[in-house]
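In: Below are the sequence and a predicted model for it; my questions follow.
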Amino acid sequence: MGGQDIRNLLGSVVNFIKSRANRVCTASCDGLVLRMHYRWTFWILIAGFFTTWYSWYHRDVITCVSHFNAETQVRLDYINICLSYPYIELEPEGKKKNEDGEKKNDDDDDEEGERRYLLFYRWISWSFLLMAAVYYIPRKISKNFDNKKCRSLLEDLAANAHVYNQAEGELVERVVRYLYFNLRTHDGLYWKYLVVNIVALFIDIFVFHFFDFVLQGRFIAYGIKSYPFDRDPQTFSDYMSQTFPPFVSCELSAENQLVNKRNEKFGCHLTIMELYEKLFLALWLWLIVLTFLTCCYIVFLLLLWLPWTRVTLLRFSKPVHGNDGTLQIVTGVLRNCKIGDIYLLYRLRQHLSHARFYELMSRISSPSLYQKSTESDQHQPPAIPQIQSPPSQVDMSKNRKSDVTLEPHLNPELLQQLLNSPQLFGGLQGAPGHMNTNILVD
């Protein structure tokens, strides 16, 4: 039952990671490099935190013996102090190694070297958790910088990116309509995206210096000085073992208030140091790659100001039914668009096929793109001018009653009977000298 529960838990974790990894990026101020910060590196540090945290609470992290009596069990309060203040003794400058690897001492053999206290051993897991929170900062900034209209447009394209029927043509019409009304208004989007990437680069540099501070100045050059990773399992003199020494010393004196006016020395084995050295080596390699890619991407965004970079970015494969050349179309697009529009087209290209992107670029490259609105205004009928009358006349026209009187509604059958009746016009025709003025007779 226990093994099956663990398998179900691992399956749920794997499915969750797959769903998060396959999610399409539709934010207007987001990209692959930023996702490598707030998603990939975030989960790497979270995994490092749970790995070290589990090791601390489910296994022995230190084993100590007294130098005066190795068979005596060390008190727990002494071990607690040794967890916080273990140290190693650095070799004095007079001690050197000969060709056979033996140490020769120019001074007395009893001389003690300088001590380096390993103050980080107890707090490594929490440093992982703190840096994971720092790496989520670019995500919060990009969400605040997001353009709602661009995000909705990218979401529609991403949701129907797999469609190849008439719906794709409707999406292109929607994109063209959006660009027609919002062209040359996306420069702020480009600058915001550049700022977020620069913030991510500063976070990489800050994390390097933070871990270098935690490891007492031995993290920035950790991978370089550890290469070619030749280990010394006898004297632990290699750089990795000096950074994370598995065997250390611990001394309790009268200042610790736990001994009776004497010093107690212990020899301790820090069992998680073997884990720390491998975790930090992998983290150092990942941060080097991440920082390098972030710098290259920022340089790429700055190079968008150069025309040849824009042409290279928007070059695409010409479909069979295309008539105009791609270079001619791209030149027309660059004439109508600003740098923010070029960045948006770069994002839209990721969700469109070559044929649809060719259609989109062809319609945007039209030289009369900005003349359509003025021509449509010219074809509209001229507005009828309104003559404003003086206030006195306006008041008089409002107060004056109309001379037109509306006749009441007549029954058609009754009207026909009256017209057919001979008595209606008989009296008027019999009167001498009387002119018939009835409108019905006329």
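Out: Yep, that arrived.
In: Mind naming the longest helix for this protein?
Out: helix 273-302 (DSSP state H).
In: list the buried ones in it?
Out: By 16 or more other Cβ atoms under 10 Å, the buried positions in helix 273-302 come out as 273, 276-277, 279-281, 283-284, 287, 290-291, 294, 297-298, 301. Bear in mind the C-beta positions are built from the backbone N, C-alpha and C, glycine included.
In: do the same with stretch 305-321
Out: Quick answer for stretch 305-321 (16+ other Cβ under 10 Å): Arg310, Leu313, Leu314, Phe316, Lys318.
In: Which of those fall in strands?
Out: Assigned to strands by DSSP state E, none of the buried residues of stretch 305-321 qualify.
In: Could you tell me which other helices and strands the longest helix of the chain packs against?
Out: Applying 3 or more Cβ pairs under 8 Å, 6 or more residues apart in numbering; DSSP states H and E, one finds that helix 273-302 makes contact with helix 32-35, helix 42-58, helix 187-214, helix 222-226, helix 239-243.
In: hey, C-alpha coordinates of stretch 58-70 in CSV?
Out: Output in CSV follows, covering the C-alpha atoms of stretch 58-70 (Å, rounded to 0.1, in the frame of the first residue of the first chain):
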residue,chain,number,x,y,z
HIS,A,58,14.6,12.3,8.1
ARG,A,59,18.3,11.3,8.7
ASP,A,60,21.3,12.1,10.8
VAL,A,61,22.9,15.3,9.6
ILE,A,62,25.9,15.2,12.0
THR,A,63,27.9,12.6,14.0
CYS,A,64,30.3,13.8,16.7
VAL,A,65,32.9,12.2,19.0
SER,A,66,35.0,13.7,21.7
HIS,A,67,38.7,14.0,21.2
PHE,A,68,39.3,13.1,24.8
ASN,A,69,37.0,10.0,24.9
ALA,A,70,35.7,8.7,21.6
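In: what residues does it touch?
Out: Stretch 58-70 is contacted from outside by 55, 72, 74, 78-79, 82-83, 250, 264-272, using Cβ atoms under 8 Å, 6 or more residues apart in numbering.
In: go with 7 Å
Out: Residues outside stretch 58-70 that contact it (Cβ atoms under 7 Å, 6 or more residues apart in numbering): 55, 72, 74, 79, 82-83, 250, 264-272.
In: Pull out the buried residues from stretch 67-86.
Out: When burial is assessed from 16+ other Cβ under 10 Å, stretch 67-86 yields the following buried residues: Val74, Tyr78, Ile79, Ile81, Cys82, Leu83, Tyr85, Pro86.
In: circling back to that earlier point, of the helices and strands packed on helix 273-302, flag the one that's most buried.
Out: Across the helices and strands packed on helix 273-302, the average number of neighbours (mean count of other Cβ atoms under 10 Å) peaks for helix 239-243, which reaches a mean of 20.
In: Which members of the buried residues of stretch 305-321 are positioned in helices?
Out: Short answer: these in helices (DSSP H) are Arg310, Leu313, Leu314.
In: Give me the nearest residue to Ser365, chain neighbours excluded.
Out: Gly332 (2.9 Å; Cβ to Cβ, 6 or more residues apart in numbering).
In: part of a helix, is the one you found?
Out: Yes: according to DSSP: H, G, I helix; E, B strand; the rest coil, Gly332 belongs to a helix.
In: From Glu277, how far out is it?
Out: According to Cβ to Cβ, to the nearest Å, Gly332 and Glu277 sit 58 Å apart.
In: now Ile46
Out: Counting by Cβ to Cβ, the gap from Ile46 to Glu277 is 20 Å.
In: likewise Ile203?
Out: 24 Å.
In: and Ala200, how far is that from Ser142?
Out: 10 Å.
In: Overlap in contacts, these two.
Out: With Cβ under 7 Å, 6+ apart as the test, Ala200 and Ser142 both reach Leu34.
In: Any regions of this structure where pLDDT drops low?
Out: Applying pLDDT under 70 to the chain flags residues 1-10, 13-25, 70, 92-112, 161-166, 256-261, 317-324, 368-442.
In: What are the boundaries of the strands in it?
Out: Under DSSP E, the chain gives strands at 62-66, 87-89, 95-97, 103-105, 115-117, 247-252, 264-270.
In: can you tell which of those strands is closest to Ala159?
Out: strand 264-270 (52.5 Å; Cβ to Cβ).
In: and that closest one, what other elements does it pack with?
Out: Applying 3 or more Cβ pairs under 7 Å, 6 or more residues apart in numbering; DSSP states H and E, we find strand 264-270 packed against strand 62-66, helix 76-84, strand 247-252.
In: Which of the ones you listed sits closest to Leu348?
Out: Nearest to Leu348 among the helices and strands packed on strand 264-270 is helix 76-84; the distance by Cβ to Cβ comes to 55.8 Å.
In: who's in contact with that closest one?
Out: Helix 76-84 has contacts (Cβ under 7 Å, 6+ apart) with Ile62, Cys64, Tyr121, Arg122, Cys250, Leu252, Asn256, Leu258, Glu264, Phe266, Cys268.
In: In TSV: those residues, plus neighbour count and distance to Lys149.
Out: Listed next are the contacts of helix 76-84 as TSV, based on neighbours: other Cβ atoms under 10 Å; distance: Cβ to Cβ, whole Å:
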residue	neighbour count	distance to Lys149
Ile62	20	58
Cys64	20	64
Tyr121	21	52
Arg122	16	50
Cys250	24	63
Leu252	20	67
Asn256	14	65
Leu258	14	67
Glu264	19	70
Phe266	22	66
Cys268	20	62
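In: Much appreciated, bye for now.
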